[in-house]
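Undergrad: Below is the sequence, then the predicted model.
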Amino acid sequence: MKRLLFSAFALAICATVSAQPVMSYEEAEAKANEIIKTLTLEEKLSMTQGHNRFFFPGVPEKGLPYIYTTDASMGVKNKQKMHNANEIKLAERTTQFPAFIMLAATFNPNLAYKYGHAVGEEARMAGAGVILGPGMNIYRNARCGRNFEYLGEDPHLAASIIYDYVTGMQSTGTLACAKHFLCNQTEFYRRRSNSIVDERAIMEIYTPAFKAAIDAGVATVMTAYNQLNGEWTGQSKYVITDLLRGTLGFKGMVMSDWNSIYDWKDVILSGQNLDMPGEDAFYIKKKPADLVAEGVVTEKDIENMIRPTIATCIRWGLYDRYNSGKQYDKALEANLPAHLEVSYQTAAEGTVLLKNNGILPLAPSTKLLVIGKWLDSVPHGGGAARVTGYNHVTLMMTLTESFGGNVSFVEKPTAERLKEADVVLCVTGTFDSESTERPFEMNKKDEALVRLAVENNPNTIVLVHSGSAINMTAWADKCAALLYGWYPGQNGQKAIRDIIIGKINPSGKLPMTIERNFADSPAANSVPVGFDLAKAKGNPNEKAFHPWTYDIHYDESVLVGYRWYEKKEIKTLFPFGYGLSYTSFALNKAKIVNKGKVKTLTDEKPLTVTIQLTNTGTMAGAEVVQLYIAEKNPTVLRPNKELKAFKKVNVEPGKKTVVTFEVDKKMCSYWCDKNHSWTANRGEYELLIGTSSADIVAVLPFVIQ
Ligand code: BGC
């Protein structure tokens, strides 16, 4: 009888397969309740833990198939470590996109939409219902091995990119997963760290990107490995129920990061929905079944825990898709060339030109010597986010195409060889990866090669591939040009080549500050004293499941990134938002167009600001116009200024365009930790408009009354 009842219900939910949610979350919850009524206690308990390492749990005989999830933000990994790999038919090829930090460097949310859409399509192609990304932990610490998976140091920039990425991805019917919630800024003993963070920093710095994902309708969230203020995020009621669902308004399902829970009672009562991958760890003494048997938690508690997983899958039509065998959309393979184009465009717009004495772009007749790393391979980050890709384009391939016999490649040249070249391109950087923290300092051999090059050939261009900042202080002023090329994806070296030859005009901007010394960073003390990262071998964290912790004090509070360096008046090597072009721009005629001598912002009336951008050079190019806001005499700690809006605009040489911004009160507010809400004090403020956090060309006063 039960079975019959269920089939009728399954038919009802099979009716539509759609790229958008097929019903509201509330309707889906009601349907989930009907399903839950048909499940035995054992089946309900089975729904609390993942299946075969990368699947949501299911009860296939009752119409709940296992749903395949795959890493990560930067493409479909397509190579997960499963117990039974036959449960999924791997896609033949998936695109290795540029690193997420490179997407942030584009300052282009429209591109983020296309990128998310492309990854979403590839997930559909590969039979995955859920992508285990995007990652959006704020860059606080240059040494964090996962910065390349995230979007830099500024919450507004990260939120702007995330909103469009999630919208683009989920428009394909692939569910996104906002991770890692929350305050997961280090990979050093990542299962042992306890981030001590105040409420203002949580709200102003660490949650806006998650809030943007929620506003975009993100279907799932992954908690983190670390503790936040003394509680494991994967089993904290404060983190999951109060903050994520309450304050931020998330409706959907939450899963743990892989092997990151310690106490099932806390897990069940925290609002957590799924333990991934769901393999019982030796240190967890009591299992959900024991706790129900002992009356510590009730069957109802288990139902509450699993409902969002079932409701989310129903809401997005995932059960229908899998039950009708439509999870593999092979027809989308035809879109792979278009995805490559998105990947190329991201690398083209995300490469940051940090210095150019005029040497770039290069003429094809230049006798070019290319030295260093990754000459015949594509640099990439490691860990869960690593996507293999196909048809990789290397520098050797692409530069040979343009420079023919004029280019030669020597990993470690002699001083004489360096002197002979017209121009040297020195490729250097770091391999960054999940679960490792890496030194800010370059490794000695790499640094020695850069120095040898700049000392022997004044026409040395340095190309850095890395997931975050490295120490370039000793040689940055000696090179002729400096390009930050991150991890550019499978065809990104083609875009970098096109920048080198001037086919593309660079327009990337730094999504983080590059320090002169790591001691300057607010996160300088995040690794316990006495531990030398340079000597750390392998992966000390991974075997360390025991729940002892060490504290990381986020003492800088809201002063992360440029907010810190500006307040402390610390000189940096390159500021946030900085990046050069082959053309020149002028920004002028900034004005607040609202009436009145004193420009006043009220609840009812936002300010409208305009500024004229002129391309004063000879090449078409794009500039990122950045708008920061500062409160003049704050009564609480406030950064000197904060990015609140930006626009990336293409302008033809000799042409002008007017850039317009709307400024409302929310953009001026801080999180008041006394009344737990956003507050904009009355008083004087300034709008600061420029082309980086350090290059402000217009300051416009206004008041809030
Ligand atoms: C990572 C997650 C990832 C998961 C599955 C974990 O180690 O922290 O970001 O999604 O593994 O691969």
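TA: Good, I have the coordinates. This structure is a prediction, so every number in the text was calculated from the model and none was measured.
Undergrad: Next up, the contacts around residue 305.
TA: 48, 267, 268, 272, 273 (Cβ atoms under 8 Å, 6 or more residues apart in numbering). All C-beta spots, glycine's among them, are computed from the backbone N, C-alpha and C.
Undergrad: surely the fourth one meets residue 254?
TA: Yes. Contact between residue 272 and residue 254 holds when scored by Cβ atoms under 8 Å: they sit 5.7 Å apart.
Undergrad: average model confidence for the host helix or strand of residue 168?
TA: Using DSSP states H and E, residue 168 falls within helix 155-170. Helix 155-170 comes out with an average pLDDT of 98.
Undergrad: go on, stretch 679-695?
TA: Average pLDDT, stretch 679-695: 98.
Undergrad: I'd guess residue 345 is in a strand, am I close?
TA: No. Under DSSP: H, G, I helix; E, B strand; the rest coil, residue 345 sits outside any strand and is assigned helix.
Undergrad: Give me the helices and strands touching the helix holding residue 168, please.
TA: Contact partners of helix 155-170 among helices and strands, from 3 or more Cβ pairs under 8 Å, 6 or more residues apart in numbering; DSSP states H and E: helix 100-105, helix 109-125, helix 208-215, strand 642-651.
Undergrad: what's in contact with the last one?
TA: Okay, so that is strand 642-651. Taking Cβ under 8 Å, 6+ apart as the rule, strand 642-651 contacts 106-108, 154, 156-157, 160, 507, 563, 576-577, 585, 613-615, 620-630, 657, 659, 661-663, 667, 693.
Undergrad: Please flag which of those sit within strands.
TA: 585, 613-615, 621-630, 657, 659, 661-663 (DSSP state E).
Undergrad: Could you turn the buried ones of those residues into a ChimeraX selection?
TA: To isolate the buried members of those in ChimeraX, using 16 or more other Cβ atoms under 10 Å:
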select :585,613,614,615,621,622,623,624,625,626,627,628,629,630,657,659,661,663
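Undergrad: quick one on the thing from earlier: so the helix holding residue 168 versus helix 208-215, what angle?
TA: 30 degrees (axes from the mean of the first three to the mean of the last three Cα atoms, to 10 degrees).
Undergrad: re earlier: what do residue 272 and residue 254 both touch?
TA: 223, 240.
Undergrad: my guess is residue 267 meets residue 261, correct?
TA: Yes. Contact status for residue 267 versus residue 261: in contact at 5.0 Å, counting by Cβ under 8 Å.
Undergrad: rewinding a little: can you name the next helix or strand after the helix holding residue 168?
TA: Per DSSP H and E, the first helix or strand lying C-terminal to helix 155-170 is strand 177-181.
Undergrad: Next one: the residue in the stretch 601-705 of the chain that the ligand sits nearest to from residue 268, what distance?
TA: Nearest to the ligand, among the residues of the stretch 601-705 of the chain, is residue 643, at 26.6 Å (Cβ to the nearest ligand atom). Per Cβ to Cβ, to the nearest Å, residue 643 is found 40 Å from residue 268.
Undergrad: Output the set of residues of the stretch 301-450 of the chain in proximity to the ligand.
TA: Selection of the stretch 301-450 of the chain residues close to the ligand by Cβ under 6 Å from any ligand atom yields residue 384.
Undergrad: my read: residue 251 touches residue 25, true?
TA: Yes. Contact criterion Cβ under 8 Å: residue 251 and residue 25 qualify, at 4.5 Å.
Undergrad: In what element of secondary structure is residue 551 found?
TA: strand 550-553.
Undergrad: Return the list of helices and strands in contact with that strand.
TA: Going by 3+ Cβ pairs under 8 Å, 6+ apart, strand 550-553 lies up against strand 193-196.
Undergrad: What strands line up against the strand it packs on, and which way round?
TA: strand 227-228 (parallel), strand 550-553 (parallel) (DSSP bridges).
Undergrad: Please identify the deepest-packed of the ones you listed.
TA: Mean neighbour count (mean count of other Cβ atoms under 10 Å) peaks for strand 227-228 among the strands paired with strand 193-196, with a mean of 25.
Undergrad: Give the rounded mean pLDDT of the following helix or strand past that one.
TA: Next helix or strand after strand 227-228 toward the C-terminus (DSSP H and E): strand 231-232. Strand 231-232 shows a mean pLDDT of 96.
Undergrad: what pairs with strand 231-232, and is each one parallel or antiparallel?
TA: strand 227-228 (antiparallel).
Undergrad: who touches stretch 341-351?
TA: Residues contacting stretch 341-351 (Cβ under 8 Å, 6+ apart): 95-98, 102-106, 108, 111, 114-115, 118, 483-486, 488-496, 498-499, 504, 506-508, 622.
Undergrad: quick revisit: okay, the helices and strands packed on helix 155-170, which one's buried deepest?
TA: Using mean count of other Cβ under 10 Å, helix 100-105 ranks as the most buried of the helices and strands packed on helix 155-170, with a mean of 31.
Undergrad: What lies in contact with that helix?
TA: Residues outside helix 100-105 that contact it (Cβ under 8 Å, 6+ apart): 73-74, 97, 111-112, 115, 134-135, 139, 147-152, 157-158, 161, 165, 346-347, 349-352, 385, 467-468, 484, 486-489, 492, 508-512, 579.
Undergrad: Mark which of these are buried, thanks.
TA: Buried by 16+ other Cβ under 10 Å: 73-74, 97, 111-112, 115, 134-135, 139, 147-152, 157-158, 161, 165, 346-347, 349-352, 385, 467-468, 484, 486-489, 492, 508-512, 579, out of these.
Undergrad: Spatially central residue for the protein, please.
TA: Taking Cα atoms, centre = their mean, the centroid of the chain lies closest to residue 150, which sits 2.6 Å from it.
Undergrad: Burial check on the one residue in the stretch 101-250 of the chain that gets nearest to the ligand, number of neighbours?
TA: The stretch 101-250 of the chain approaches the ligand most closely through residue 132 (3.8 Å), counting by Cβ to the nearest ligand atom. If you count neighbours by other Cβ atoms under 10 Å, residue 132 ends up with 26.
Undergrad: Hmm, residue 434 and it touching each other?
TA: No. Counting by Cβ under 8 Å, residue 132 does not reach residue 434; the two are 11.9 Å apart.
Undergrad: Need the overlap of contacts for those two.
TA: Listed as contacting both residue 132 and residue 434 by Cβ under 8 Å, 6+ apart are residue 384.
Undergrad: does residue 361 count as helix, strand or coil?
TA: Residue 361 - assigned by three-state DSSP - is coil.
Undergrad: cool, and residue 403?
TA: Assignment for residue 403 (three-state DSSP): helix.
Undergrad: Who are the contact partners of it?
TA: 364, 366, 368.
Undergrad: Next one: the residue of the stretch 301-450 of the chain found nearest the ligand from residue 468, what distance?
TA: Nearest residue of the stretch 301-450 of the chain to the ligand: residue 384, at 3.7 Å (Cβ to the nearest ligand atom). Separation of residue 384 from residue 468 (Cβ to Cβ): 17 Å.
Undergrad: Fine by me, thanks again.
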